[in-house]
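Trainee: what's the 3D shape of this:
(one chain, ligands or ions: 1)
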Amino acid sequence: MKPAPFIRHVPRTVAEAVTILAEVAGKDGRVLAGGQSLVPIMAFRLAKPAHLVDINEIEELGRIASDGKVLSIGALVRHAAFHKSVVEGPLGALLTHVARHIAHYPIRTRGTFCGSIAHADPASEWCLVAATLDATMVAKSTRGERLIAAKDYFEGIMTTALADDELLAEVRLPLPASDTKFGFHEFNRRAGDFAMAAALVSYRLQSGKMIDAHIGVGGAEPFPRRIAQAEAALNGQAPGDKVFRASAEAAAKVIEPLEDHQTTGDYRRDLVRAMVRRALEQAAR
Ligand SMILES: Cc1cc2nc3c(=O)[nH]c(=O)nc-3n(C[C@H](O)[C@H](O)[C@H](O)COP(=O)(O)OP(=O)(O)OC[C@H]3O[C@@H](n4cnc5c(N)ncnc54)[C@H](O)[C@@H]3O)c2cc1C
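Mentor: This is a model prediction of the structure:
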């Protein structure tokens, strides 16, 4: 099928983009970034936006930068930018590892990091990264700039705290300490498919004991989130099989799994248990 008719706007600056967004927000206007989610749903006429605000000509949004404390990822940074490490240290290596799990190469050359965060598919790898690592979303509109913490940003399946007239201009990821250990594991039936469950973990070691544990689960619930009970099972303990299993069990116990045509809730709970344990094993290597 072909999309329903729409008007395409092509702003050259963020100021211009938010002005147009303010005008079209009440008239079913949408931002167009990489188009890798929006265009297919328009082609199926599941979405019929009357106006598209195409941000692809806004040079300033292609910026990726680190100030030593935070990695700032602009709205036009494509998934493929992370094929190479974008920042020194463990975060750069983690992002490269995660990026390879997103869709297929052609999609990664167009789709954007911020587009994934705006679209908020429950199984999005970047949404899992944002939730687990306590990202900050930078929303811009004619009303000014608003910073939204990850814990307040994700609200439901493909539902976020972004208002219709807001542009997600940037996502900020805190840079972890250089000795932070990361693990990421996801399960899908075919390479490139959306994950049926995924886990991202990080911790540091102090005198042989794990501290500052972050455990995030994605693809299992309406949106990815940190699992405090699984983190509590790690903090203060030495890494090892028994404690990893206890943490994975805690995550599996508290999630409220989605059910769909390919996965029952019980199966997804089993997957979460396995993903958290494998991510922890990977971090410990
Ligand atoms: C076959 C296939 C497989 C895929 N597999 C995966 C996968 O395994 N994992 C995964 O995470 N993704 C997957 N995707 C989705 C892909 O990663 C998309 O690139 C991503 O979800 C959206 O980014 P985009 O830049 O293409 O956004 P678009 O498609 O342009 O937009 C998506 C939505 O977000 C809004 N939006 C986009 N950018 C902004 C912004 N800056 N501010 C405000 N709103 C904005 C749009 O208005 C729209 O509603 C897959 C896609 C396809 C087609």
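Trainee: Now Ala118. Nearest residue, chain neighbours left out?
Mentor: When the adjacent residues along the chain are set aside, Ala118 lies closest to Leu168, with 4.8 Å between them (Cβ to Cβ, 6 or more residues apart in numbering). Yep, even glycine has a C-beta here, placed from its N, CA and C like the rest.
Trainee: Surely the one you found touches Gly74?
Mentor: No - applying Cβ atoms under 8 Å as the test, Leu168 and Gly74 come out as separate, 10.0 Å apart.
Trainee: Residues that sit against both of those two, list them.
Mentor: Contact criterion Cβ atoms under 8 Å, 6 or more residues apart in numbering; residues bridging Leu168 and Gly74 by contacting each: Cys114.
Trainee: Sheet-wise, list the partners of the helix or strand hosting the residue nearest to Ala118 with their directions.
Mentor: Under the assignment given by DSSP states H and E, the secondary-structure element containing Leu168 is strand 167-174. Looking at strand 167-174 with DSSP bridges, its partner strands are strand 70-74 (antiparallel), strand 136-141 (antiparallel).
Trainee: buried sites along the helix or strand that it is followed by?
Mentor: Toward the C-terminus, strand 167-174 is succeeded by strand 181-187 as the next helix or strand (DSSP H and E). For strand 181-187, the neighbour count (16 or more other Cβ atoms under 10 Å) marks Lys181, Phe182, Gly183, Phe184, His185, Glu186, Phe187 as buried.
Trainee: any chance of these in JSON lines, with pLDDT too?
Mentor: JSON lines is the format used below for the buried residues of strand 181-187 (pLDDT from 0 to 100):
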{"residue": "Lys181", "pLDDT": "98"}
{"residue": "Phe182", "pLDDT": "98"}
{"residue": "Gly183", "pLDDT": "98"}
{"residue": "Phe184", "pLDDT": "98"}
{"residue": "His185", "pLDDT": "98"}
{"residue": "Glu186", "pLDDT": "98"}
{"residue": "Phe187", "pLDDT": "97"}
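Trainee: Which single one of these is nearest to the ligand?
Mentor: Nearest to the ligand, judged by Cβ to the nearest ligand atom, of the buried residues of strand 181-187 is Glu186 at 8.6 Å.
Trainee: which residues sit in contact with the closest one?
Mentor: His101, Glu125, Ala195, Ala197, Ala198, Ala199, Gly218, Gly219, Met275.
Trainee: Show me what stretch 86-95 is in contact with.
Mentor: For stretch 86-95, the surrounding residues in contact (Cβ under 8 Å, 6+ apart) are 64, 66, 71, 82, 85, 129, 133, 173, 175-176, 178, 180-182, 184.
Trainee: Thank you kindly, that will do.
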